[in-house]
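Peer 1: using only what follows, build the 3D model:
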Amino acid sequence: MFNAWLANILNSYLGEVVEELDSQNLGVGALQGDILLIDLKLRSDCLSLLELPIEVIAGTIGKISFKIPWSNLSSNPVLVHVQDVNLVAVPISHRGYNEEKDSRLDATRKRRFLQKVESISVIKRAAKSQNSKEEKLKRELWETMIATFMNNVQVFIDRVHIRYEDNISIPGRFISCGICLESLAAETTNSKWKSCEINGNSKSIFKLVRFEKFCCYWNPSESSGVIAAKSGSSWRVKMREIMEKHFSSQPQDQAVLSPLSGKVKIMMNRSIADGAPRLLFDYQLKEIKVCLSKDQYHTMMQIQAALKFLQLSRIYRKYRPRQSIFSKPRHWWNYAYRCIKQQFIEPYYWSNIKKHREKYRVLFGLWLKRHQVGKSSSLKAKIKEAETDLDVTSIMLAREQAKYQV
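Peer 2: Prediction:
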């Protein structure tokens, strides 16, 4: 039962990135504070926060381990180790329209956009009401909880490689680019930036973030990519080889940012004195070497234009013919007609207007009930289902109307 509860907690944080976890993944040491997750598969929509028409075709996290001192969380640190993150993304045009995959990508994109809008509105409401004593006390309590959490958690990340491959956007060329990171460590220190034991009553928190060999590359003329070696674990071996090549001391022609190391000193002030800065950052970076060739720049601009066009046309993907224009011109004329009909004609049929208003009223009633009765799992599921067939604008209007109706 404890493992099931812990799996739900981890899903709430990792569920946006990795496939569903269950209690069997946690092992027998969870009750003692030792949690080990091995070979986690990344979701195909885990990069939707970038709001780009791309998807992940291969992605894994080799190992995530947690060391949680259940008996003494206030003074002992929570250790998080992440190793071997490999991810390969491609444009969604690499495959034909798939109703299940494309619907999942669109739903994730819509949900994250709504979450972003909701977080902005929460911040604005907090800014308006921060002068009241009650709201000020709540804000200080919340900041104290965040500070305590940041003080306790120490994160260590080893070997990260995120890669994008594209052999479609520019005909006749295979483009690849990526970012690599050898290691990152975020630890709690004292005022002299030395490792120390956690003091739960300290008014200031000092975090030292060190990273080694962070680099970026862009290859405008790749011969073959990781996609070709996707079978089994061979693609991960190739990802590791590419990463090691860019970590080497020899300069690489494709490197945009040569391996960079440095550290960031973060000070969080927990004092409630007005006017005192809450966060202070001090960056200390070693030599930065950036190099961009003419060919790299031109291919970057071409990829940007192609992704922009793909983003605009993604809502019509299900109508797009797979044949060329010259072989099937009739299909492409039909495609153009169906796109115009869907966008400018069908929404204004009386039957469609009526259905839309009925769906809107259902969603408005559910949000009104949520404000009056409170949150519940069943109500949350009904709201999620009602928002599936409505656009972002209608969802936001229903939420705001229910909020002011209360």
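Peer 1: point out where the stretch 251-400 of the chain drops to low pLDDT.
Peer 2: For the stretch 251-400 of the chain, the stretches with pLDDT under 70 are 251, 270-276.
Peer 1: ranges for the strands of it?
Peer 2: 255-269, 279-285 (DSSP state E, counting those that start in this stretch).
Peer 1: nearest to Gln296, out of those?
Peer 2: strand 255-269 (6.9 Å; CB to CB). Using the backbone N, CA and C atoms, a C-beta is placed for each residue, glycine as well.
Peer 1: contacts only, for Leu260.
Peer 2: 213-215, 285-286, 288-289 (CB atoms under 8 Å, 6 or more residues apart in numbering).
Peer 1: kindly report the same for Glu182.
Peer 2: 158-159, 212-214, 247, 259.
Peer 1: name the helix or strand for it, please.
Peer 2: strand 175-189 (DSSP states H and E).
Peer 1: list the buried residues for the next helix-or-strand element following that strand?
Peer 2: Note on strand 175-189: by DSSP H and E, the next helix or strand toward the C-terminus is strand 204-219. By 16 or more other CB atoms under 10 Å, the buried positions in strand 204-219 come out as 205-219.
Peer 1: now the helices for the stretch 301-406 of the chain?
Peer 2: 329-340, 350-373, 377-386, 392-405 (DSSP state H, counting those that start in this stretch).
Peer 1: orientation of the strand holding Glu182 relative to strand 255-269 in degrees?
Peer 2: Orientation note: strand 175-189 sits at an angle of 30 degrees relative to strand 255-269 (axes from the mean of the first three to the mean of the last three CA atoms, to 10 degrees).
Peer 1: pLDDT of strand 175-189, averaged?
Peer 2: Averaging pLDDT along strand 175-189 yields 92.
Peer 1: chain center to that strand, what's the gap?
Peer 2: Relative to its chain's centre, strand 175-189 lies at 16 Å (CA atoms, centre = their mean, to the nearest Å).
Peer 1: same thing with stretch 295-305?
Peer 2: The mean C-alpha position of stretch 295-305 is separated from the chain mean by 24 Å, CA atoms, centre = their mean.
Peer 1: got the contact list for Ala306?
Peer 2: 91, 166, 168-170.
Peer 1: check the gap between it and Ile340 for me.
Peer 2: 23 Å (CB to CB, to the nearest Å).
Peer 1: could you verify my assumption that Leu366 touches Lys384?
Peer 2: No. Taking contacts as CB atoms under 8 Å, Leu366 lies outside contact range of Lys384: 9.8 Å.
Peer 1: neighbour count winner among the two?
Peer 2: More neighbours surround Leu366 than the other of Leu366 and Lys384, with 19 against 12 (other CB atoms under 10 Å).
Peer 1: ok, Ile340 - how many residues close by?
Peer 2: There are 12 residues near Ile340, going by other CB under 10 Å.
Peer 1: cool, and Leu47?
Peer 2: 21.
Peer 1: same question for Lys328.
Peer 2: 14.
Peer 1: start at 725, not 1
Peer 2: Yes, from this point I'll number from 725; that puts the last item at Lys1052.
Peer 1: how about the contacts made by it?
Peer 2: Lys1052 touches Pro1045, counting by CB under 8 Å, 6+ apart.
Peer 1: next, give phi and psi for it.
Peer 2: Phi and psi for Lys1052, reported as degrees, to the nearest 10, are phi -130, psi 70.
Peer 1: how much space between it and Tyr1059?
Peer 2: 10 Å.
Peer 1: so what sits against both of the two?
Peer 2: In contact with both Lys1052 and Tyr1059: Pro1045, using CB under 8 Å, 6+ apart.
Peer 1: closest to Gln1096 among the contacts of Leu984?
Peer 2: Phe938 (50.2 Å).
Peer 1: surely that closest one meets Ser982?
Peer 2: No. Phe938 lies out of contact with Ser982 (CB under 8 Å); the separation is 9.8 Å.
Peer 1: which parts of the lengthiest helix in the chain are buried?
Peer 2: When the chain is parsed with DSSP state H, its longest helix is helix 823-852. Under the neighbour-count criterion of 16+ other CB under 10 Å, helix 823-852 has 826, 828-829, 832-835, 837 buried.
Peer 1: related to what we said a few turns ago, quick check, nearest of the contacts of Glu906 to Leu1121?
Peer 2: Nearest member of these to Leu1121, counting by CB to CB, is Phe938, at 43.0 Å.
Peer 1: against Val1116, how distant is that closest one?
Peer 2: 35 Å.
Peer 1: repeat that for Asn796.
Peer 2: 45 Å.
Peer 1: ok, the two, which is more surrounded?
Peer 2: Between Asn796 and Val1116, counting by other CB under 10 Å, Val1116 is the more crowded of the two (14 against 8).
Peer 1: how close does the nearest residue to Cys901 once chain neighbours are set aside get to Tyr1021?
Peer 2: Nearest residue to Cys901 in three dimensions, chain neighbours excluded: Trp942, at 4.3 Å (CB to CB, 6 or more residues apart in numbering). For Trp942, the distance to Tyr1021 equals 9 Å [CB to CB].
Peer 1: Gly1098: neighbour count?
Peer 2: Residues near Gly1098, counting by other CB under 10 Å: 8.
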